[in-house]
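>>> Sequence isn't available, so here's the structure alone:
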């Protein structure tokens, strides 16, 4: 299947390119990027194999050269401009931005401050949280890939939410992300001297991923993201009150609940100890460790992902695999990075 990547100047788009080249059923035929237009792909994505020496980065909006699938790795607001034309041409669109994550245009405007230019497509978009939406993804033509923080927190709490073990109280999520999550744009807050040996909170009270978490979990969420002095990775710690109608799961019983729930999810690892970002670096895995604290009557769930893979590019490939009826793991069996 021939694919194009629009937004290859950014980190996420570059990882999509790498994964597409690794995938046995995908052929990367076109790449587009505004800041790197005219450059060879191998010049902006270190480590790609010699078979793509001739691939040149075209400007965003160019002809995708016969691609059957177009991955959009663009800032919010851009995908809604391009997706209608690509879909009208009969192509599959996998959007790694935020434009199609919400089905409701009002919710999108609340969190992103924009009116939606392609609202007629929202009814046909499929949300790409694969472990939750497998059935819906079959045959999907417009896939909206969830946000990175959203993936970690939502999958961390999903077994409790789906089994009605979460109370209606506020859910609290603390998240920590590597600097690559901020993209390649230059900001004083992401310079080496600002990030090195430092932890800092940002997006206080109004981070855009909050609305997406609330959509998935069906509860109010207080989310505080933090910038960590690492290149890549996300760690979330989520706190939730148990349902008053059900006795809390404790100890091994809670671990067993999660393992049974995710038994058919090859990229979910329910682990016996709190995971770190190193445990999943460079992979499409999520590592989850749930515990129950009887003293405060809270579930505490720790999740770790690579923000560029499971939090973005890898999940996009995973969702495409499911939509095409291919094995979910196809092209995503790359080794992690350790040490």
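Nice, thanks for sending it over. Just so you know, these numbers come straight off a predicted model, no measurement behind them.
>>> Residue 87: how many residues sit nearby?
Applying other Cβ atoms under 10 Å, we find 17 residues neighbouring residue 87. In this view, the C-beta of every residue, glycine as well, is placed from N, C-alpha and C.
>>> Buried residues in the helix or strand containing it, which are they?
For residue 87, the host element (DSSP states H and E) is helix 79-88. For helix 79-88, the neighbour count (16 or more other Cβ atoms under 10 Å) marks 79, 80, 82, 83, 84, 86, 87 as buried.
>>> next one: stretch 260-274
Of the residues in stretch 260-274, 261, 262, 265, 266, 267, 268, 269, 270, 271, 274 count as buried by neighbour count, 16+ other Cβ under 10 Å.
>>> Report the secondary structure state of residue 289.
Here residue 289 is recorded as strand under DSSP: H, G, I helix; E, B strand; the rest coil.
>>> when you give positions from now on, start the count at 151
With 151 as the first residue, the last one maps to residue 439.
>>> Assess the claim that residue 247 and residue 228 are in contact.
Yes. Contact criterion Cβ atoms under 8 Å: residue 247 and residue 228 qualify, at 6.8 Å.
>>> quick one, which of those two is more surrounded?
Neighbours were counted for residue 247 and for residue 228 using other Cβ under 10 Å; residue 247 has more, 23 against 19.
>>> so what's the residue lying closest to the more buried one once chain neighbours are set aside up against?
In space, residue 247 comes closest to residue 229 once its chain neighbours are excluded; the distance is 4.6 Å by Cβ to Cβ, 6 or more residues apart in numbering. Residue 229 is in contact with 222, 243, 245, 247, 249, 250, counting by Cβ atoms under 8 Å, 6 or more residues apart in numbering.
>>> Output those as JSON lines; include the columns secondary structure, distance to residue 259 and pLDDT.
JSON lines is the format used below for the contacts of residue 229 (DSSP: H, G, I helix; E, B strand; the rest coil; distance: Cβ to Cβ, whole Å; pLDDT from 0 to 100):
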{"residue": "222", "secondary structure": "strand", "distance to residue 259": "20", "pLDDT": "98"}
{"residue": "243", "secondary structure": "strand", "distance to residue 259": "21", "pLDDT": "98"}
{"residue": "245", "secondary structure": "strand", "distance to residue 259": "17", "pLDDT": "98"}
{"residue": "247", "secondary structure": "coil", "distance to residue 259": "15", "pLDDT": "96"}
{"residue": "249", "secondary structure": "coil", "distance to residue 259": "12", "pLDDT": "97"}
{"residue": "250", "secondary structure": "coil", "distance to residue 259": "14", "pLDDT": "97"}
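>>> Format those residues as TSV; extra columns: distance to residue 280.
Below are those laid out as TSV (distance: Cβ to Cβ, whole Å):
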residue	distance to residue 280
222	18
243	17
245	15
247	18
249	19
250	16
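>>> now the strands: where do they sit in the chain?
All strands of the chain, identified by DSSP state E, fall at 152-156, 177-182, 207-208, 219-222, 242-245, 276-277, 292-294, 321-327, 350-351, 371-377, 384-390, 418-420, 436-443, 448-455.
>>> Dump these to a markdown table, plus distance to residue 309.
Converted to a markdown table, the strands of the chain look like this (distance: least, Cβ to Cβ, whole Å):
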| stretch | distance to residue 309 |
| --- | --- |
| strand 152-156 | 33 |
| strand 177-182 | 36 |
| strand 207-208 | 42 |
| strand 219-222 | 29 |
| strand 242-245 | 26 |
| strand 276-277 | 18 |
| strand 292-294 | 22 |
| strand 321-327 | 14 |
| strand 350-351 | 28 |
| strand 371-377 | 17 |
| strand 384-390 | 11 |
| strand 418-420 | 9 |
| strand 436-443 | 8 |
| strand 448-455 | 9 |
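>>> so which of these comes closest to residue 301?
strand 448-455 (6.2 Å; Cβ to Cβ).
>>> Could you figure out how far the closest one is turned away from strand 436-443?
Interaxial angle, strand 448-455 versus strand 436-443 (axes from the mean of the first three to the mean of the last three Cα atoms, to 10 degrees): 170 degrees.
>>> mind listing what strand 448-455 pairs with, with the direction of each?
Under the criterion DSSP bridges, strand 448-455 sits next to strand 384-390 (antiparallel), strand 436-443 (antiparallel) in its sheet.
>>> most packed of those strands?
Of all these, strand 384-390 has the most neighbours on average by mean count of other Cβ atoms under 10 Å, namely a mean of 24.
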